[in-house]
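Colleague: sequence? don't have it. structure:
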């Protein structure tokens, strides 16, 4: 039957949470079986403070069904809300003095980022991800006292961002790096958060990234990784959390065993305690954190000494990351309600301490042996630079393998791609 009921939801904190702004309305389809809806009716008079609000649509076959989290559309759209009288200009911002992020007195602005820096009159709005480069200058401290989403943000040496308790500074995937820190980003307490967002770009995930940084980031960080359903497939993936000191796999990637639409995933295997009663599409975690029985495990680590993959049979006692991040080989159908026959989009997340600076990993001393290294950074790495740095000094062979989950492979669940170099300074 047709989805004839719909409602709109709104997020004012960068997508961290949504609330209903309508209770439910029926739609009448035209002869072409389409119906156009718009949030503009519910925006009202736009103000600069509304810039960056996110609206999303929920549809169902009944009014009662609108409460079902499976009905939420995953392709949320961030709207640049324009006040009456013209659009908000996308500005370059830099600090004029220390103060609150939300205080216009903290910032000066420019239309090109080079000339014409203006303090008086004040900008029409404080900086968000919709603006250009945002710089906290040397000697200034900016306090984030309410949720905000940003990108292309630079903290200069001796500059500082402090995030208050129960407040989240979210990083959007913008142009280039989304946060580069040569100063300090810290927290008022352990309840503050730096959220590194991962959202759908229409064909895959767009994930915010940390740029090359010589400073310190001590605020607890939550890192997301969206697994897109665009290609509607279950597949093996090589994944890691670029963090230290996370919780267990069960409490992070498995969302503590709780089903929420589009969040977390399942871990399965032949050692599942079948009396627990979990099945594909309806998982129930056993005492070891496994969700239902499968002929083979769905999660492995790699043992360098024996050159074999090793199944993870207890996710409640296995940390996602310890003193460094760990690489995993995991089969993902989607969220915790997904199955091989019904793959879903999902977002995995974990909270811990971000890694910046040089990181060392121990490789096998055996000739032609393989080591699985998870990317330790909340950013892409430059394989050319990695090869140059490790080819001679570390006796690492200039051949690398990565897994592409979108390749067909032997069983339609992904395949390896080989990247080889002729020399340390060569190109692949």
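Modeller: That came through fine. Note that this is a predicted model, so its numbers are computed, not measured. Numbering: from 1, shown residues only.
Colleague: okay, CA-based contacts and neighbour counts for the rest of this
Modeller: OK.
Colleague: and the spatially closest residue to residue 235 that is not a sequence neighbour, what helix or strand is that in?
Modeller: Spatial nearest neighbour of residue 235, chain neighbours left out: residue 413 (4.2 Å); criterion: C-alpha to C-alpha, 6 or more residues apart in numbering. In this structure, residue 413 is located outside every helix and strand according to DSSP states H and E.
Colleague: what is the mean pLDDT for the longest strand seen in the chain?
Modeller: Of all the segments assigned as strand in the chain under DSSP state E, the longest by residue count is strand 346-354. With pLDDT averaged residue by residue, strand 346-354 scores 95.
Colleague: now stretch 309-318
Modeller: 96.
Colleague: which residues are in contact with it?
Modeller: Taking C-alpha atoms under 8 Å, 6 or more residues apart in numbering as the criterion, the residues outside stretch 309-318 that touch it are 248-251, 269, 271, 288-290, 297-303.
Colleague: How about residues contacting stretch 364-376?
Modeller: 239-243, 302, 304-305, 307, 324-328, 355, 359, 361, 363, 381, 397.
Colleague: quick revisit: in terms of secondary structure, what does the longest strand of the chain contact?
Modeller: If you count contacts as 3 or more C-alpha pairs under 8 Å, 6 or more residues apart in numbering; DSSP states H and E, strand 346-354 packs onto strand 221-227, strand 243-244.
Colleague: What is the subsequent helix or strand relative to the last one?
Modeller: What that stands for is strand 243-244. strand 299-303.
Colleague: how much space between the nearest residue in space to residue 105 that is not next to it in sequence and residue 296?
Modeller: In space, and not counting its chain neighbours, residue 105 is closest to residue 122: 7.1 Å by C-alpha to C-alpha, 6+ apart. Look at residue 122 and residue 296: by C-alpha to C-alpha, to the nearest Å, they are 62 Å apart.
Colleague: Neighbour count for those two, which is higher?
Modeller: A count of neighbours by other C-alpha atoms under 10 Å puts residue 122 above the other of residue 122 and residue 296, at 14 against 11.
Colleague: Closest one of the contacts of stretch 309-318 to residue 332?
Modeller: Looking at the contacts of stretch 309-318 and their distance to residue 332, the nearest is residue 298, at 7.9 Å (C-alpha to C-alpha).
Colleague: hang on, isn't the closest one packed against residue 267?
Modeller: Yes. With contacts defined as C-alpha atoms under 8 Å, residue 298 counts as touching residue 267 at a distance of 5.8 Å.
Colleague: how about the strands of the stretch 301-428 of the chain, start to end?
Modeller: Remark: strands assigned in the stretch 301-428 of the chain by DSSP state E, counting those that start in this stretch are 308-311, 328-332, 346-354, 399-404, 415-420.
Colleague: most surrounded residue in the contacts of stretch 309-318?
Modeller: Ranked by neighbour count under the definition other C-alpha under 10 Å, those are headed by residue 290 with 30 neighbours.
Colleague: ok so, going back, any idea how many residues pack against the residue nearest to residue 235?
Modeller: Using other C-alpha under 10 Å, residue 413 has 18 neighbouring residues.
Colleague: Who are the contact partners of it?
Modeller: Residues near residue 413 by C-alpha under 8 Å, 6+ apart: 233-236, 405-407.
Colleague: rerun that using 10 Å as the cut-off
Modeller: For residue 413, the set of contacting residues under the criterion of C-alpha atoms under 10 Å, 6 or more residues apart in numbering consists of 233-237, 331-332, 404-407.
Colleague: Please report how far it lies from residue 240.
Modeller: When C-alpha to C-alpha is applied, the distance between residue 413 and residue 240 equals 19 Å.
Colleague: I'd like to know how far residue 175 sits from residue 54.
Modeller: Distance from residue 175 to residue 54, counting by C-alpha to C-alpha: 19 Å.
Colleague: what's the answer for residue 268, then?
Modeller: Relative to residue 54, residue 268 is positioned 35 Å away (C-alpha to C-alpha).
Colleague: between the two, which one's more packed in?
Modeller: Between residue 268 and residue 54, counted using other C-alpha under 10 Å, the more crowded position is residue 268 (28 against 21).
Colleague: Quick check: pLDDT value at the more buried one.
Modeller: The predicted structure scores residue 268 at 97 on the pLDDT scale.
Colleague: cool, and the one 10 residues further on?
Modeller: The model reports residue 278 with a pLDDT of 95.
Colleague: repeat for residue 305
Modeller: 91.
Colleague: Can you tell me, leaving aside adjacent residues, what's nearest to it?
Modeller: By the measure of C-alpha to C-alpha, 6+ apart, the closest residue to residue 305 outside its immediate chain neighbours is residue 364, 7.0 Å from it.
Colleague: tally of neighbours for that neighbour?
Modeller: Neighbour number of residue 364 under other C-alpha under 10 Å is 15.
Colleague: Could you check how far it is from residue 282?
Modeller: Summarising the geometry, the distance separating residue 364 from residue 282, computed by C-alpha to C-alpha, is 41 Å.
Colleague: Could you pick out the buried ones from the contacts of stretch 364-376?
Modeller: A residue is treated as buried here by neighbour count (16 or more other C-alpha atoms under 10 Å); on that basis the buried members of these are 239-243, 302, 304, 324-328, 355, 363, 397.
Colleague: State the pair within these that is farthest apart.
Modeller: The widest separation within those, taken as C-alpha to C-alpha, falls between 243 and 397 and amounts to 26.8 Å.
Colleague: what residues are up against residue 286?
Modeller: Neighbour list for residue 286: 257, 271-278, 292, 314, 316 [criterion: C-alpha under 10 Å, 6+ apart].
Colleague: Roughly how far does it sit from residue 233?
Modeller: Applying C-alpha to C-alpha to residue 286 and residue 233 gives a distance of 26 Å.
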